Structure formats: C-alpha cells, structure tokens
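Enquirer: my questions concern the predicted model and sequence given below.
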Amino acid sequence: MRRIPGTVLRNGVYYLQLRVPADLVEAFGYSHFKESLRTSDHAVAKREVTRRKLYYDQLVDEKRAPLSTGGVPKEPPRTLTISALLVRIKEYVAKESASRRSALSRRKWALEPGSREKVRAEIVATFEALRDPADDFTRQRITEVAVWLFPENRFDEPQLGLVYDLWSGVHLTTRDRLRRGLLEIERRTLTFLDGDYSGHGLDVLFAAQLPASGNAGMQHGPKPSGAITLADLSALTLSEHGKGSVRQQRKEQLAAAHRIILRYFDPDTDPNKLSPEACAQFRDLLAELPRDTTKRFPQSRSLHSIAEQAKKDGLPTLAKATQETYLGALRGMMDFGVANWKISRNPAVGLKSLARENARTRTDYDHALLKKIFSEPFLTQLDRFAISPNEPAGLSEATRFWVPRIALYTGMRQNEICQLDVVDIRQTASGTLYFFATDEGDDKQLKNAASKKAVPVHQRILNADFMRYLDVVRTSGSTKLFPDATPGKFGHRGQKISKWINRQFRRKEYPRGVDFHAFRHTFRQALRLIDAPTDVAARLGGWSTKQGVMDRYGGALSDPWIDHLNKTLQCVHYGDAEAIIFRAVSAPRYSDGTQPLQSGA
C-alpha cells in the first residue's frame, strides 16, 4: 500500500504532518501542522488529507493577506444570502455522498477481511462525535468545511443570522445546518456499506437524490413510514429499551411515562404530523399536573380536567425531575423513530421542563434530630434478637432494630443491607469484620458498579451484640441476614423497611426530607466532619467518581484496603446522640460470659 504524502502512520493510526511555509513560521509559532486523522483506513485517510490541505491552504492565505497589503487589511468579505449558503451546503452533501458511494462501491471487500467492520466502526465514531455540537472535533470539522465552502463569508456567524427551522422546531444558524449536513453524509455512508447505493436523504433538509449514477435504477432506501401511529412507536421504543440490561424499575418508570404521553396525545396520531407546538403544550400541562396523578384520579379522567382540579384544590404540582422524566420519554421515543427511519423528524427536540429547580429537600440528620428519631417507640421498643416477622409490615423486631442503625453507621442503602446473606459478613486476615455488598446471586441487585463494596462493621454495632444476632440467624437455618425482608415489586428487599419507616415519619409529622435514605446522607456528613479522604469516603459509600488511569490500579476489596477503610469508619460518631441511638443496649456478653468477636481497630 502506497504511502500518503503528508502523513505518518503511528500505532496503526494516520497522522497529518504538513510543513508551514518558512516565511510564516514566526506568524504561526510552529513549523508544522500536526493532527490525528482518527482513522486507520487508507482510503479514508487519503480523503481526509485532501480536505485538511484545503483548510490549511486557507489558513496560510489568510496569514499572508495582511503581509501582501503592507499590513493593511483587505475590505470586509461579502456576505452570502441564507438561501445561497443552504444551496452550497446541499451541493456539498450531494457531492461528498456521491464520492463516498463511488469509493465504497469499488472496494473489494472480499479481499479485505474485517475491513468493512473497521470502516463501519469509524463512521459510527465520527457520527457520534458530530451529534455533540460542543465537541472539539465537531467544531473543527464544521470550521474546515465552512472555510472551504464560504470563502467570501469567512464563516462570520453574526453576519449569517438565524433561521427558524420547522424540521427541528428551533432557530438554526448556518453552523447548525452544516452539522446536519455532515451527519447526513455519515448516515448515507452507512447505507452504502449495507449495499443501498440510492443515496436517499434521511434528513428532510437533504431529501433530494444524489447525482445520477449507474445505480440510479435501484430502489430508494428506507423512507419514513406514514402508517405508523404514536402507539406503535411507543411499543417499538419500549420493546427495544427492554432488550438491554435495564433494571425492571427503570422499565416500569419508562412505561408509566409512555402511558401519560399516550393519555395526552391520541394513540392513533401520526407522529410525523406531531408539531413542536403540540409538544410544547404537553410540556405546559405537565407543569400544572399534581403529584401522584395516576393514584389520585381515575384513568378515565382527562389530564386537562385533572390539572384544573389540582389548581382549584391547591395540590402540589409534579416535581421538576418527574416532568423531565416524561419529557425525556417523549424525546427518546421520537429520537428512536428518527434513528430507525420510522419518522422524519423529532418535534420534541430541545423540549425542557418549565419548573424551577427543586430545592434540596432530603437532609442529613443533626444530633438533635437523631436523638428525637431514635427516641421514637417504633425504633426503640424492639427485641433485637427476635427474627420472627410480625406486624407492622411483616417485619421482625430485629430487622427494624438493626437495619436503620447499620444504615446510619455504614451509609449502605436499604436494599444493600436487606439483601445481605449470612456469608456476606466476612473478616480480613487481621480481624476486621465487614459487610460485603455484591450483586452475585439471582436475588441481589446493586445500583451501579461502584456499589459493590466492602464496608467494615462499626464498633457501635458490634457493642450492641450484633454477633449474637448473627448466631441467632445462623441457628434458625436462614441464609439471609434479614430473612423477613422479602423482595418487593421490583425485586428490592429493602422496599418493606423503607416504606414502613417512611410511613412512621409521616405519621409523626416529621418535615419533608426526613426518610430512610437520609441515614445515608447523615453518614456522608459524618465522614466530612472527620475529614475522611475523598477516595476513602467514595469507597465506603459506593459513590461513583470519575476515575483516572491511576484509580483503576490496586485491589479495592483487598484485606489491607479494608483494614485501611476500617480506621476511618471507626472514627465516625454522632456525639451525644449515640447514647440515645443504643439506649437500653448494655455491654454484650454471651451466655458463657465471653465477649463477642471485636472488629479490628
């Protein structure tokens, strides 16, 4: 394979390296134009080199212009009309698509094993980068093409003005149209790879056919179908969404959002005829709907009448996050339709909730509030060794005693605690006892990858005779640490204890934000008060952090690391509230007078 002039090949990737003219080295500040072409394909690299050379030639001309006129700038460039600009973009899309079609149709794929997949992967990577207007690659690519297409404008955006585009329902600049053109080229290239050389426009802005070719008699590629209904599109979207490793709870949430959407719009509506104005009206209605709409009002009642009744009764409206969930479901459904050629446009693009950002309601408990909470009979008058379930909520007294306290002293989520097996209480070589939170097993779930963790057992928990409770559970023959914490609707074992304690808080008229999950917030605040290192706090709580290469080294579940975590965790305390939290719990001893196994310091 012949070398491409102006490039070097490093680790299988082509890099551009062009010499700056000697008289302009001082003006540019460097001697070579260097950049990665982001491809290992010879044909793609050759095409990119041609495009990049045009761009750098333009830069060189612009640097030389003031020098050739004695430092006096030339008169301002002429501004093209919007229609002329759009014509050039369409011509560029058509010609570039035709060039790619010609190149791909001549490729001898059978003689290049694996090359088709490699080209496809590169096209998809480029397409994904171009989808983000703020991506550096996208901005650079748009500027290159613009400089080449509009030399008289020099791509002076303020001169180009704004145009309202009915396809997307937003005001577009020429930069936006250029990006759509580049995306269209990549879309067409993917269809060429699949053997469809018709070049049918997948974006209505570029719906015209490519210049005639030997394949002109072939059938057009997939066109948006007008026969599909909104209900059909919803079913297809939910079906595709359910194929991934998505939690059942998330699937239910998305299905509920789709039911609200179909309740507002006619299920038989043609999504191609759905206007941005109709989607905006849906957004406006969401801002007026009350919380628990589906629970408070019958299904047969219209959403408009529900909104009017809620306003009349002064009911609190949907939270901003809930509104965003519904709008996100609508945007996602339309995005799916566009991506799969079911519809031609997304009328909900850019649609966002009108609600203000909700103030943070969940709080961490200060010592005074902790003393009040753990003085309540529903958390104190309990037999911490009674594992037989009883009312309320079918939970044993032991579960109601231990789970809130473990949450307070470990920061573990209720589901992580309630799904623990007896064998998940482990010990390091140096004697540190710890809870091992994992999703290994059919009946276990974790929120994310960071949730798999080892959390040492706090000495306060051990002093409350936790090891004796563990022996009681073992003797009963149960494999679960809290056998009465059975799975709820979505398979979460922490659902029963969370609902029970939150119901108690509401009955006692505690302020909004006082709930089970706030134990986790309180633990995080306790870590801050002892100046716990960020990486230690993240490991203890299972909070996701943006990891660098360095953070991926070392064993996060190794015995030395768990012993190190234990040193920090044992420093967590809640001041004078601890006497109330473990009130009536004396220093533990077994019946033979021995002390229980202690956690390592």
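Expert: Alright, I've got the coordinates. This is a predicted model, so every value here is computed, not measured.

Enquirer: and for the longest strand along the chain, what's in contact with it?
Expert: Ranked by residue count and defined by DSSP state E, the top strand of the chain is strand 13-19. The contact list for strand 13-19, computed with CB atoms under 8 Å, 6 or more residues apart in numbering, reads 4, 6-9, 31-40, 45, 48-49, 52-53, 56. (Glycine included, C-beta is placed from N, CA and C.)

Enquirer: any low-confidence regions in the stretch 451-600 of the chain?
Expert: By pLDDT under 70, the low-scoring segments of the stretch 451-600 of the chain are 545-556, 584-600.

Enquirer: would you map the strands across it?
Expert: Counting by DSSP state E, counting those that start in this stretch, one finds strands in the stretch 451-600 of the chain at the ranges 453-456.

Enquirer: and His573, what does it touch?
Expert: Applying CB under 8 Å, 6+ apart, one finds that His573 lies in contact with Ala526.

Enquirer: renumber starting at 148 from here on
Expert: Sounds good: first residue 148 from here, last item His720.

Enquirer: so how far is the longest strand of the chain off the chain centroid?
Expert: For strand 160-166, the separation from the chain centroid amounts to 35 Å (computed by CA atoms, centre = their mean, to the nearest Å).

Enquirer: what about the very next helix or strand once past it, average pLDDT?
Expert: From strand 160-166 onward toward the C-terminus, using DSSP states H and E, the following helix or strand is helix 172-175. Averaging pLDDT along helix 172-175 gives 78.

Enquirer: which residues does helix 172-175 contact?
Expert: So helix 172-175 is contacted by Val167, Ser178, Lys210 (CB under 8 Å, 6+ apart).

Enquirer: alpha carbons of that helix, as CSV, please.
Expert: Taking Å, rounded to 0.1, in the frame of the first residue of the first chain, the C-alpha atoms of helix 172-175 are listed here in CSV:
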residue,chain,number,x,y,z
VAL,A,172,6.7,30.0,10.8
GLU,A,173,7.1,33.1,13.0
ALA,A,174,3.5,34.1,12.4
PHE,A,175,2.1,30.7,13.3
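
Enquirer: quickly note the distance from Ser522 to Ile728.
Expert: Per CB to CB, to the nearest Å, Ser522 is found 10 Å from Ile728.

Enquirer: of these two, who's got more company?
Expert: Neighbours around Ser522 and Ile728, counted as other CB atoms under 10 Å, are more numerous at Ile728. The numbers are 21 against 13.

Enquirer: list the contacts of Val569.
Expert: Val569 is in contact with Leu617, Val620, Arg621, Ser625, Thr626, Lys627, Leu628, counting by CB under 8 Å, 6+ apart.

Enquirer: what do you get for Ile644?
Expert: Under the criterion of CB under 8 Å, 6+ apart, the contact list for Ile644 reads Ala540, Leu542, Thr546, Arg547, Val550, Pro551, Gln561, Cys565, Ala632, Phe663.

Enquirer: Glu182 falls within a strand, correct?
Expert: Yes - note on Glu182: a strand contains this position according to DSSP: H, G, I helix; E, B strand; the rest coil.

Enquirer: from Leu380, how far off is the closest residue to it other than its chain neighbours?
Expert: By the measure of CB to CB, 6 or more residues apart in numbering, the closest residue to Glu182 outside its immediate chain neighbours is Leu163, 5.2 Å from it. Taking CB to CB as the criterion, Leu163 is separated from Leu380 by 43 Å.

Enquirer: which one of the contacts of Val569 sits closest to Arg478?
Expert: Top of the list for closeness to Arg478, among these and by CB to CB, is Lys627 at 41.3 Å.

Enquirer: got the domain boundaries for the chain?
Expert: Per automatic domain parsing, the structural domains of the chain span 154-353, 377-486, 514-728.

Enquirer: where in the stretch 198-347 of the chain is pLDDT low?
Expert: Under the criterion of pLDDT under 70, the regions of the stretch 198-347 of the chain flagged as low confidence span 212-230, 257, 298-320, 342-347.

Enquirer: tell me where it has strands.
Expert: Taking DSSP E, counting those that start in this stretch to define them, one finds strands in the stretch 198-347 of the chain at 310-312, 317-319.

Enquirer: do I have it right that Phe582 meets Gln574?
Expert: No - the pair Phe582 / Gln574 is not scored as a contact, 11.2 Å apart, by CB atoms under 8 Å.

Enquirer: of those two, which one has the most company?
Expert: Phe582 (20 against 15).

Enquirer: now do the SS call for the more buried one.
Expert: Phe582 is classified as strand under three-state DSSP.

Enquirer: buried members of the contacts of helix 172-175 into ChimeraX, please.
Expert: Selection of the buried residues among the contacts of helix 172-175 in ChimeraX, burial being defined by 16 or more other CB atoms under 10 Å:
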select :167
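
Enquirer: which single one of the contacts of helix 172-175 is nearest to Asp706?
Expert: Distance ranking of the contacts of helix 172-175 against Asp706, using CB to CB, places Ser178 first at 55.0 Å.

Enquirer: would you mind measuring from the closest one to Ala673?
Expert: Look at Ser178 and Ala673: by CB to CB, they are 58 Å apart.

Enquirer: now Ser645
Expert: As for Ser645, its distance to Ala673 is 21 Å (criterion: CB to CB).

Enquirer: verify the contact between Ala724 and Phe521 for me.
Expert: Yes - A contact is recorded between Ala724 and Phe521 when judged using CB under 8 Å, the distance being 7.2 Å.

Enquirer: for Glu435, which non-adjacent residue is spatially closest?
Expert: Excluding the flanking residues, the one nearest Glu435 by CB to CB, 6+ apart is Ala454, at 4.0 Å.

Enquirer: which other helices and strands contact the helix or strand containing that neighbour?
Expert: Mapping Ala454 onto the secondary structure by DSSP H and E places it in helix 450-460. Contacts of helix 450-460 with other secondary structure elements, assessed using 3 or more CB pairs under 8 Å, 6 or more residues apart in numbering; DSSP states H and E, are made with helix 395-411, helix 423-433, helix 440-443.
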